[in-house]
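J.: got a sequence here, can you model it:
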Amino acid sequence: MKAKIHLFPHSYLPESAIRKLLSLFGPLRVYLPWFMNPPGFFKNYELEVINPPEDYRPEEGFKAIVSGYRAWAEQNHDRSLMETLKISGSASQDDGAAWEIRRLLKGEAKSVPGTKDRELPLKHHLILHLASEIEMRHFEITGMIEEMKGKGPVLAGLSDYPDEGQDVFADMDDIVESGIQDCMNDRQMMDAWFGLFGGYIKEDDILATCRRSVMDYISSQWDEAVAEGETSVSYFVSLSLPFRNPETYKEGDMAKIRKLALGFNEDPERYISKIKGFGKALENTFSCESSQPVLKIQIRHFPKISVDVSFERNGLLRRISGKTIILVSFGG
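T.: The predicted structure follows:
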């Protein structure tokens with residue numbers, strides 16, 4: 001059976017990123033929590049949009065909870081969004097909406113008879129809604145920075161020192177990346193995503209992400225388990241392709257990348273050398289176009305966990321065991 005490719009843990013991506021991912025992998029599955037409307041451009045592409053099971057749908061009052069958070073955030077610009085997602089635990093009940101959201105995320109929302117099983121899905125919905133807003137803001141800021149880079153320094157050409165100001169935006173990419181990582185708790189986000197959508201993921205499916213921190217976190221957790229003898233070493237291979245837009249590759253090249261990714265998912269040990277060889281051939285083909293890789297693809301396959309690993313300690317590892325995760329990075 002042909003593996004499906006799922007965006008993971010998707011919260012928000014701009015149209016340009018979605019278009020590039022589709023050019024690489026073909027049709028994709030995108031998962032959205034209830035009450036999150038898909039962007040209008042989704043209808044123009046081969047995207048299968050999936051909501052959580054009906055049993056996980058929050059009641060209509062959920063919208064008021066999210067609105068309450070927005071109002072609180074607007075009134076507390078000096079307090080990081082990280083306080084909400086990472087939960088400092090030091091709030092008092094006088095904090096209003098902030099306190100209620102903290103209690104919800106910590107699983108301390110007041111129970112109503114017959115609704116206990118709904119508290120966790122409600123928490124997961126809230127995390128993914130907040131993550132989407134943070135991610136959208138991140139891409140807006142990144143877009144503004146790229147636009148400013150394109151225009152160059154305002155006073156360019158007016159100074160007696162021609163090179164002055166050329167590197168004014170050189171460090172901004174790292175600042176934006178670290179800022180978004182500070183605001184978002186990747187582990188909570190993945191737990192929420194698997195909590196709502198894990199039942200849709202089959203053993204032979206592939207998870208694709210554009211978040212480097214997600215791949216780094218999963219890999220570090222897996223490597224710790226390997227060091228403690230709880231599982232096997234994962235298989236890893238990467239491509240660095242010196243060309244800006246996947247759409248400009250030949251159709252055969254994109255089909256080859258998809259085929260190799262699917263093959264790696266089924267037999268990673270066999271396909272590592274094939275992927276490396278194909279990547280080297282593409283690098284040689286486009287070496288005259290650019291000296292800096294722009295399209296980066298990392299593929300990691302996590303073997304099935306064969307020992308009895310504690311779900312409480314390694315729940316995430318059990319969910320990604322036997323899966324392949326592909327990290328796609330667009331940019332410099």
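J.: just for the stretch 1-150 of the chain, where's the confidence low?
T.: 1-2, 70, 72-118, 138-150 (pLDDT under 70).
J.: at 50 instead, please
T.: Along the stretch 1-150 of the chain, the parts satisfying pLDDT under 50 run over 1, 80-82, 85-97, 108-115.
J.: the closest residue in space to Ile297 that isn't next to it in sequence sits in which helix or strand?
T.: Sequence neighbours aside, Leu239 is the residue nearest to Ile297 in space, at 4.4 Å (criterion: C-beta to C-beta, 6 or more residues apart in numbering). Glycine gets a C-beta too; all of them are placed from N, C-alpha and C. When elements are assigned from DSSP states H and E, Leu239 belongs to strand 235-241.
J.: so which bits of whichever helix or strand comes after that strand are buried?
T.: Counting by DSSP H and E, the element after strand 235-241 in chain order, helix or strand, is helix 251-266. Neighbour counts using 16 or more other C-beta atoms under 10 Å place Asp253, Met254, Lys256, Ile257, Leu260, Ala261, Leu262, Phe264, Asn265 of helix 251-266 among the buried residues.
J.: other SSEs contacting helix 251-266?
T.: Under the contact criterion of 3 or more C-beta pairs under 8 Å, 6 or more residues apart in numbering; DSSP states H and E, helix 251-266 touches helix 15-25, strand 206-209, strand 235-241, helix 268-285, strand 295-301, strand 324-330.
J.: enumerate the positions of the fourth one that are buried.
T.: In this case it means helix 268-285. Neighbour count says helix 268-285 has Pro268, Tyr271, Ile272, Ile275, Phe278, Gly279, Leu282 buried, by 16+ other C-beta under 10 Å.
J.: so what's the first one up against?
T.: Translated: Pro268. Tyr235, Val237, His301, Thr324 (C-beta atoms under 8 Å, 6 or more residues apart in numbering).
J.: for those residues, work out which two are farthest apart.
T.: Val237 and Thr324 (10.5 Å; C-beta to C-beta).
J.: okay, now the residue nearest to Ile297: neighbour count?
T.: Using other C-beta atoms under 10 Å, Leu239 is surrounded by 21 other residues.
J.: show me how the record splits this structure into domains.
T.: Per automatic domain parsing, the domain ranges recorded for the chain read 1-207, 211-332.
J.: which strand or helix spans the closest residue in space to Tyr31 that isn't next to it in sequence?
T.: Spatial nearest neighbour of Tyr31, chain neighbours left out: Phe197 (4.5 Å); criterion: C-beta to C-beta, 6+ apart. In this structure, Phe197 sits in helix 186-197 according to DSSP H and E.
J.: in terms of secondary structure, what does that helix contact?
T.: Helix 186-197 packs on strand 28-31, helix 116-151, helix 212-227, helix 311-320, going by 3+ C-beta pairs under 8 Å, 6+ apart.
J.: assign a three-state SS to Glu203, would you?
T.: In three-state terms, and counting by DSSP: H, G, I helix; E, B strand; the rest coil, Glu203 is coil.
J.: could I get the helices and strands packed on helix 251-266 as TSV with distance to Arg137?
T.: Shown next, in TSV, are those (distance: least, C-beta to C-beta, whole Å):
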stretch	distance to Arg137
helix 15-25	15
strand 206-209	19
strand 235-241	29
helix 268-285	34
strand 295-301	24
strand 324-330	19
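J.: among these, which is nearest Trp193?
T.: Of all these, strand 206-209 comes closest under C-beta to C-beta, at 9.7 Å.
J.: done for today, thanks.
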